[in-house]
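Novice: Here's my sequence, what's the structure:
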Amino acid sequence: MAKGSGDEKAPIIVIKKVIKGGGGHHGGAWKVAYADFVTAMMAFFLLMWLLNATTEEQRKGISEYFDPTPMEVSSNTSGAGGVMGGLTVSEVGSRAADAQPIVHNDETPDDPSVKAETNLDKAAEEQLRAEIEKREDVQFEQVKEQIQEAIENSELKGLTKNLIIDMTPEGLRIQIVDRDGESMFPTGSAVPYEKTVTLLSTVAEIIKKMPNQISVRGHTDSSPYSMGANYTNWELSADRANASRRVLQKNGIHPKKLSNVVGKADTEHLKPDTPLDPQNRRISIILLRDSLTKPSSGKKKAASGGTGSVPVDPGYKKTMGNVQFP
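Specialist: Residues are numbered from 1 along each chain as shown. You can find the predicted model right below:
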């Protein structure tokens with residue numbers, strides 16, 4: 001066939017282009033290392049924050065939760081090398097056949113998970129109770145100032161010495177006491193003077209706004225009744241407490257807010273060293289803390305051996321105004 005004929009095809013030319021990958025001189029490995037470093041730092045600072053935000057008791061509970069069966073490492077060594085260097089996690093001379101299985105019964109005191117949960121619940125409940133009491137103290141101080149201001153700016157200004165307001169573990173205690181020459185009740189009587197009714201009414205107008213339960217208690221001095229008398233300081237203190245309750249209810253205190261009405265006679269003197277002191281004759285009105293009157297929401301082991309939210313006995317029983325004797 002002659003050259004240059006039409007049947008001859010042109011040669012195929014293939015051009016290869018080499019595309020270089022990577023991130024330049026150092027490649028992309030540094031990004032992975034940097035990401036690992038940032039993750040580790042974040043985990044470290046998170047750990048520091050958790051250590052600072054939890055209490056010692058909570059940290060101990062968490063530690064027990066993640067290490068339920070700590071085992072002592074034997075201090076004996078042998079000539080063997082390796083990672084353990086001859087150490088053993090079992091007791092000296094023990095064999096695998098001698099090892100007894102560890103059985104954990106659910107909801108038993110020996111279960112570390114139950115202990116940890118119990119410790120955390122207890123710590124959380126105590127912290128919540130402390131916060132509630134702190135807020136209550138602020139409210140109680142405001143009530144105290146309101147009562148004192150109301151007395152100072154009224155016709156009862158002369159009775160300021162007959163009013164004692166203080167804070168107790170039970171709550172805010174408002175005491176209306178007798179003084180020399182200034183009694184709140186006639187001698188041996190449970191019928192209050194008009195000034196006493198006015199004082200009780202003023203107190204009721206202020207404390208009725210509070211949600212707390214109220215305890216009303218009557219106290220007497222140690223002056224005895226005549227031998228063989230059917231009416232004693234017990235009856236007198238209870239009758240005076242009940243008379244005070246009626247005044248409080250008449251001035252807006254709802255009966256359901258009355259936790260109890262108690263006659264204490266001369267068992268709890270304000271002045272223990274002087275049993276006949278007039279100040280021992282008094283009426284105590286106590287705004288009880290919620291922690292004493294409301295059931296706890298924490299978990300408590302039921303009588304059947306299970307768990308659940310079981311209300312805790314607050315220690316005070318609602319009496320709807322009835323008299324209680326110790």
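Novice: Which element, helix or strand, includes residue 15?
Specialist: Residue 15 belongs to no helix or strand when assigned by DSSP states H and E.
Novice: What is the neighbour count of it?
Specialist: Neighbours of residue 15 under the rule other C-beta atoms under 10 Å: 4. Heads up, the C-betas are built off the backbone N, CA and C, glycines and all.
Novice: Distance-wise, check it relative to residue 251.
Specialist: 104 Å (C-beta to C-beta, to the nearest Å).
Novice: now residue 175: how far from residue 244?
Specialist: 11 Å.
Novice: ditto for residue 203
Specialist: Residue 203 is 10 Å from residue 244, by C-beta to C-beta.
Novice: where do the contact lists of those two overlap?
Specialist: Residues touching both residue 203 and residue 244 comprise 176, 285, with contact defined as C-beta atoms under 8 Å, 6 or more residues apart in numbering.
Novice: quick one: low-confidence parts of the stretch 151-300 of the chain?
Specialist: Applying pLDDT under 70 to the stretch 151-300 of the chain flags the ranges 295-300.
Novice: So which residues of it form strands?
Specialist: 163-168, 171-177, 214-219, 258-263, 282-288 (DSSP state E, counting those that start in this stretch).
Novice: just these: most buried one?
Specialist: Compared across the strands of the stretch 151-300 of the chain, strand 214-219 shows the largest average neighbour count, a mean of 26 (mean count of other C-beta atoms under 10 Å).
Novice: For it, enumerate the helices and strands it packs against.
Specialist: Packing partners of strand 214-219 (3 or more C-beta pairs under 8 Å, 6 or more residues apart in numbering; DSSP states H and E): helix 233-250, strand 258-263, strand 282-288.
Novice: Could you export those as JSON lines, including distance to residue 52?
Specialist: Output for the helices and strands packed on strand 214-219, formatted as JSON lines (distance: least, C-beta to C-beta, whole Å):
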{"stretch": "helix 233-250", "distance to residue 52": "48"}
{"stretch": "strand 258-263", "distance to residue 52": "41"}
{"stretch": "strand 282-288", "distance to residue 52": "36"}
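Novice: For residue 144, which of the ones you listed is the nearest?
Specialist: The closest of the helices and strands packed on strand 214-219 to residue 144 is strand 282-288. By C-beta to C-beta, the value is 10.1 Å.
Novice: Between strand 163-168 and the closest one, find me the angle.
Specialist: Counting by axes from the mean of the first three to the mean of the last three C-alpha atoms, to 10 degrees, strand 282-288 lies at 40 degrees to strand 163-168.
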